[in-house]
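Chemist: Sequence and predicted structure below; questions after.
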Amino acid sequence: MAPLGVRQAWATAGAQTLLMLVGLMGSPAEGFVAPGANSLLGTVQAGRLQALSHFRARGLGHTGYQKRTPLLQRSNVRRVLGLSMKEPQKEQVSKELQEKINDKATAVTSSDEKKFDIGVSQFQQVPNSTWTGTTTLKQRQGDPEFGVWGQTWDAAAASKVRKDPLPWPLLILDRALDLVEDAIQGKEGVRTGRQGSGYYALNLNDDGSPKKHKIAVIGSGWASHSFIKSLDATKYDVTLVSPRNYFLFTPMLAGAATGTVELRSITESIREANPDVNYLEATVTEVMPKDKKISCQTVVCEGAECSINDFDLSYDTLVYAAGAGVNTFGIAGVKEHCYFLKQVGDASRLREAIGNTFERANLPDMTDDERTRTLTFVVVGAGPTGVELTAELKDFIEQDVPKFYPHLLPFIRIKVLEASDRVLMQFEQGLQNTAVKDLSRPGKSVAGLAEDYVQVMLKSSVKEVTSTDMTLNDGTVIPYGIAVWAAGIGPLPLTLDLIKGVEAQNDDPKARGRLICDKFLRVHGCPGIVALGDSSYIQDLPLPATAQVAAQQGAYLARLFNREYDLSEVIPTKRPDAAPETLAAVRFNDEKIAKPFQFLNLGILAYTGNSNALAQIEGPSSLKIEVAGLAGWLGWRSVYLAKQVSGRNIAMVAFDWAKTSLFGRDLSRF
Ligand SMILES: Cc1cc2nc3c(=O)[nH]c(=O)nc-3n(C[C@H](O)[C@H](O)[C@H](O)COP(=O)(O)OP(=O)(O)OC[C@H]3O[C@@H](n4cnc5c(N)ncnc54)[C@H](O)[C@@H]3O)c2cc1C
């Protein structure tokens, strides 16, 4: 079996080749910004002892709020990264060093920095979102133990950060080179697990052996799965915490809710994704950035008794990928009466409810009105989730219901409610119109089914939901049997709590409950935390909340770790002893300096029912290729199959599709 990196590289390469074939490559996002930040670095050199202290001043992480914050204060000293020396000297020197830093930090302010000769970097934002910096680093004199050893960041390094987005063809080439480099490194360098020098030697275990850098990962969704799948976890001490011990391929959740595919076909165990990662089944209840700890909670059951266990986990780097929650916009009754489509449990409950509703409608004592209400499906939200669920529901009704419940067909209704005047906002207008047409007309003529049994109701916003009726803002009342809420996502309480405690996170209203990051995905104001996927927001680079973005961010971050960039530096630079890249000479960036994240838009797809789908392929400049109908469906199926995260999932999904088209969907309820 090929090493993980190689397997992942080839799987991704295969998927991307297919995407290229169907033209699903997109234009890059906007310009890059090198983050503005200050950092101080000191080294003790005394005899054999070497210590690297690294501390940051509160508010210095990002320009914008540094102006408001005194440059250094005692409370601003965050941490001493570690010391490469044996006990007991380690503790002793560490304490002394800490005191020295604290003393100096207390006294140093922006106006008297000269007194202590500590290096300070000042940044300014200039027009066109480019950051420039000047370093005022000075050598401290006359102190053998605490001398400023050097700033690994300098203006020269900042100027080497790739500032402009790579144009479309070069970005594709850059990604291809990344995959080749991953494959080479996977074989030769990355899995060596080199320890004992540089980065790893900064911390020692009690027996003097080097401690690995601790990475804690929150979540097992698109971003974190892609991160651990690509990460060489032998180099680091990686622990993933999530209440879900599997990855879920969310784009096929609608198919799973209607029985087109089975849930196990679209999930992968986290342990399978990367066996070198330690997985803990728990929910993170608090992030403590100052202490570099997370609090977790898990339910432990023995026999019939269950108890709640709390524990803390410390980290050097926290990868925050908790995703987003459902947004009910505070509308009364939504939480209590609507089904959602976000997790495996949601799809499974919905599938059960659909089966149940037909059995109920089949009971002899029902009036026609009651049957119509019971068999009215309301889907709220006409984004990709709402549209694809409606399409799958239609397929089920037109392909399977006639076999089992032909007499119930006249009572079936599907109502798609959309608050705006358009469906599928991300698509061009032509494709939006095609989607409405595809959804509104029956796929094939089925005797007994009303011609207009599917209604797409635009400009229809929900005011209130009860157990039997949905009331719209214009007063319309829709009696329903099953209501599914697919109207948008919102922030998680965990993310909001973290944001609340960090001043820098309250700077940008556009973040709307997501963690504000720089273009290396580092969270503003939280040294040591990176955020990915739906819970993150890169300032000045708004990206859609999609699996595509999350997965690309996960793979990008894994590469930064695999290639040993030091994210604690102002500009992440490669550690001096990191394995050199084989293809460095032909890359578009200086390999010593990390390249910022750039999103490669692969295009968008949506299934609209009866073997029709929409594909919007984005090319260079503003070129957009629009495909609909059967060709779109072939593209949709090919991409969804190729994007499965393992060979096992590809085989199971292909088998499910074949089984459904040959034998239909299974309506049994257990
Ligand atoms: C039905 C549906 C269809 C979709 N279709 C598409 C599509 O076709 N194309 C596309 O690009 N995108 C699609 N998306 C969007 C896509 O799924 C998301 O953008 C993507 O999942 C975001 O990835 P993420 O890693 O940020 O979050 P998620 O994938 O949501 O993962 C979050 C993880 O964090 C865990 N978690 C949450 N809270 C905690 C906590 N307190 N402690 C520990 N762990 C926690 C969760 O259990 C989960 O494992 C779809 C989404 C849905 C729901």
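Modeler: Happy to help now that I have it. These numbers come from a predicted model, not from an experiment. Residues are numbered from 1 along each chain as shown.

Chemist: contacts, neighbours, all on C-alpha from now
Modeler: OK.

Chemist: was I right about residue 224 contacting residue 230?
Modeler: No - here residue 224 does not reach residue 230: they are 9.9 Å apart, not a contact under C-alpha atoms under 8 Å.

Chemist: Excluding covalently adjacent residues, which one is nearest to the residue sitting nearest the centre point of the chain?
Modeler: What sits nearest the mean C-alpha location of the chain, by C-alpha atoms, centre = their mean, is residue 533, with 2.1 Å. In space, residue 533 comes closest to residue 550 once its chain neighbours are excluded; the distance is 4.0 Å by C-alpha to C-alpha, 6 or more residues apart in numbering.

Chemist: so when I look at that neighbour, I'm seeing a strand, right?
Modeler: No - Residue 550 is assigned helix when assessed by DSSP: H, G, I helix; E, B strand; the rest coil, not a strand.

Chemist: which ones are touching it?
Modeler: Contact analysis of residue 550 by C-alpha atoms under 8 Å, 6 or more residues apart in numbering lists 222, 223, 532, 533, 534.

Chemist: go with 6 Å
Modeler: Going by C-alpha atoms under 6 Å, 6 or more residues apart in numbering, residue 550 touches 222, 223, 533.

Chemist: isn't the last one right up against residue 222?
Modeler: No - using C-alpha atoms under 6 Å, residue 533 is not in contact with residue 222; the gap is 7.5 Å.

Chemist: before we move on, the earlier item: separation between the residue nearest to the centre of the chain and residue 184?
Modeler: Note on residue 533: its distance to residue 184, by C-alpha to C-alpha, to the nearest Å, is 27 Å.

Chemist: ok, back up a step: quick one, grab the pLDDT at the residue nearest to residue 533.
Modeler: Here, the pLDDT recorded for residue 550 equals 98.

Chemist: next one: the one 10 residues further on
Modeler: The predicted local distance difference test score for residue 560 is 94.

Chemist: what's the answer for the one 4 residues further on, then?
Modeler: Looking at residue 564, its pLDDT reads 90.

Chemist: Let me see the contact set for it.
Modeler: 574, 575, 578.

Chemist: now the residues you listed as JSON lines including neighbour count, pLDDT and secondary structure?
Modeler: Rendered in JSON lines, the data for these read as follows (neighbours: other C-alpha atoms under 10 Å; pLDDT from 0 to 100; DSSP: H, G, I helix; E, B strand; the rest coil):
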{"residue": "574", "neighbour count": "21", "pLDDT": "87", "secondary structure": "strand"}
{"residue": "575", "neighbour count": "15", "pLDDT": "83", "secondary structure": "coil"}
{"residue": "578", "neighbour count": "18", "pLDDT": "82", "secondary structure": "coil"}
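
Chemist: got the CA positions of stretch 226-242 in PDB?
Modeler: Listed in PDB are the C-alpha atoms of stretch 226-242, where the atom choice follows Å, rounded to 0.1, in the frame of the first residue of the first chain:
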ATOM      1  CA  SER A 226      -8.600  16.900   4.700                       C
ATOM      2  CA  PHE A 227      -6.000  18.200   7.200                       C
ATOM      3  CA  ILE A 228      -5.300  14.900   8.900                       C
ATOM      4  CA  LYS A 229      -5.500  12.900   5.600                       C
ATOM      5  CA  SER A 230      -2.700  14.900   4.200                       C
ATOM      6  CA  LEU A 231      -0.700  15.400   7.400                       C
ATOM      7  CA  ASP A 232       2.500  13.500   8.300                       C
ATOM      8  CA  ALA A 233       1.300  12.800  11.800                       C
ATOM      9  CA  THR A 234       4.400  10.900  12.700                       C
ATOM     10  CA  LYS A 235       6.200  14.200  13.000                       C
ATOM     11  CA  TYR A 236       3.800  15.700  15.500                       C
ATOM     12  CA  ASP A 237       1.700  14.700  18.400                       C
ATOM     13  CA  VAL A 238      -1.700  15.000  16.900                       C
ATOM     14  CA  THR A 239      -5.000  14.600  18.800                       C
ATOM     15  CA  LEU A 240      -8.400  15.100  17.100                       C
ATOM     16  CA  VAL A 241     -11.400  15.800  19.200                       C
ATOM     17  CA  SER A 242     -14.900  15.500  17.800                       C
END
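
Chemist: Begin at 44 from now on, thanks
Modeler: Okay, residue one is now 44; in that scheme the one you just asked about reads as stretch 269-285.

Chemist: Show me what counts as buried in that stretch.
Modeler: Across stretch 269-285, burial judged by 16 or more other C-alpha atoms under 10 Å covers 269-285.

Chemist: is the ligand contacted by that stretch?
Modeler: Yes - for stretch 269-285, a contact with the ligand is found by C-alpha under 6 Å from any ligand atom, at 284, 285.

Chemist: what does stretch 574-594 give?
Modeler: Yes - Stretch 574-594 comes into contact with the ligand (C-alpha under 6 Å from any ligand atom), by way of 576, 577, 578, 588, 589, 590, 591, 593.

Chemist: Please name the nearest non-neighbouring residue to residue 316.
Modeler: In space, residue 316 is closest to residue 272, 5.5 Å off (C-alpha to C-alpha, 6+ apart).

Chemist: Surely the one you found is within a helix?
Modeler: Yes - counting by three-state DSSP, residue 272 is located in a helix.

Chemist: can you map out the helices along the stretch 444-593 of the chain?
Modeler: 444-447, 472-483, 536-543, 590-605 (DSSP state H, counting those that start in this stretch).

Chemist: most neighbours per residue, which of these?
Modeler: Comparing those by mean neighbour count (mean count of other C-alpha atoms under 10 Å), helix 590-605 ranks first with a mean of 22.

Chemist: so what strands line up beside the following helix or strand past that one?
Modeler: Using DSSP states H and E, the next helix or strand after helix 590-605 towards the C-terminus is strand 608-609. When pairing is defined by DSSP bridges, strand 608-609 lines up against strand 616-617 (antiparallel).

Chemist: any idea how far residue 518 is from the nearest residue to residue 604 once chain neighbours are set aside?
Modeler: Among residues not flanking residue 604 along the chain, residue 274 sits closest, at 7.2 Å (C-alpha to C-alpha, 6+ apart). Distance of residue 274 to residue 518, given as C-alpha to C-alpha: 53 Å.

Chemist: Could you do residue 556 as well?
Modeler: 32 Å.

Chemist: Those two: which has the busier surroundings?
Modeler: Taking other C-alpha atoms under 10 Å, residue 556 and residue 518 do not tie; residue 556 has more neighbours (24 against 10).

Chemist: correct me, but that one touches residue 534?
Modeler: Yes - between residue 556 and residue 534 there is a contact under C-alpha under 6 Å: 5.2 Å.

Chemist: The closest residue to residue 465 other than its chain neighbours: how many residues sit nearby?
Modeler: What sits nearest to residue 465 in space, not counting adjacent residues and going by C-alpha to C-alpha, 6+ apart, is residue 501, at 6.6 Å. Neighbours of residue 501 under the rule other C-alpha under 10 Å: 16.
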